[in-house]
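Enquirer: build the 3D model from these lines:
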Amino acid sequence: MLDTLYWLIAMFIFLLIELATISLATVWFAAGAAAAALVATVTNNGYVQFAVFFIVSLATLFLFRPSIAKRFNKKTVPTNVDSLIGRRVIVTEKVDNIAATGTATLNGNEWTARSASDNVTFEAGENATVSEISGVKLILTK
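Expert: Below you'll find the predicted structure:
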């Protein structure tokens with residue numbers, strides 16, 4: 001009976017830590033402690049209780065964290081660079097991946113530019129679309 005109480009106290013502490021941090025870090029251990037508390041009502045074997053705690057904690061962490069984290073992190077704000085994807089640019093120097101040349105102007109700033117495909121080039125003055133950003137280079141498509 002005392003083991004059950006210890007596991008319930010551990011569960012309560014894990015939940016308090018989770019409420020204080022709201023980081024999905026200890027809620028999994030709270031679930032493991034709850035499972036261990038249930039097992040403690042059946043057996044006094046500490047090894048079995050700890051094994052259940054460990055297994056349930058890891059199982060809930062790996063099974064549920066990815067989907068729950070997606071729901072909590074919906075408010076991720078794109079960086080300024082991410083907002084440039086899909087924008088149109090003007091090529092200021094021929095973009096040629098083979099020759100490793102090319103620049104483009106976007107929002108009045110000159111960027112190093114490369115083509116999304118090695119066999120596609122862009123001539124100076126041509127318009128292109130930013131498909132991705134790799135480091136400090138714009139990756140362009142037609």
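
Enquirer: residues in contact with A33?
Expert: By C-beta atoms under 8 Å, 6 or more residues apart in numbering, the contact set of A33 is W7, L8, A10, M11, F14, F53. No exception for glycine: its C-beta is placed from N, CA and C like everyone else's.

Enquirer: grab the nearest non-local neighbour of it.
Expert: In this structure, A33 finds its nearest non-sequential neighbour in M11, 3.7 Å apart by C-beta to C-beta, 6 or more residues apart in numbering.

Enquirer: tell me the SS of that neighbour?
Expert: helix (DSSP: H, G, I helix; E, B strand; the rest coil).

Enquirer: that's a helix at L5, yeah?
Expert: Yes: assessed by three-state DSSP, L5 belongs to a helix.

Enquirer: burial of it, as a residue count?
Expert: 11 (other C-beta atoms under 10 Å).

Enquirer: the residue nearest to A33 touches A34, doesn't it?
Expert: Yes: if you go by C-beta atoms under 8 Å, M11 and A34 touch, sitting 5.1 Å apart.
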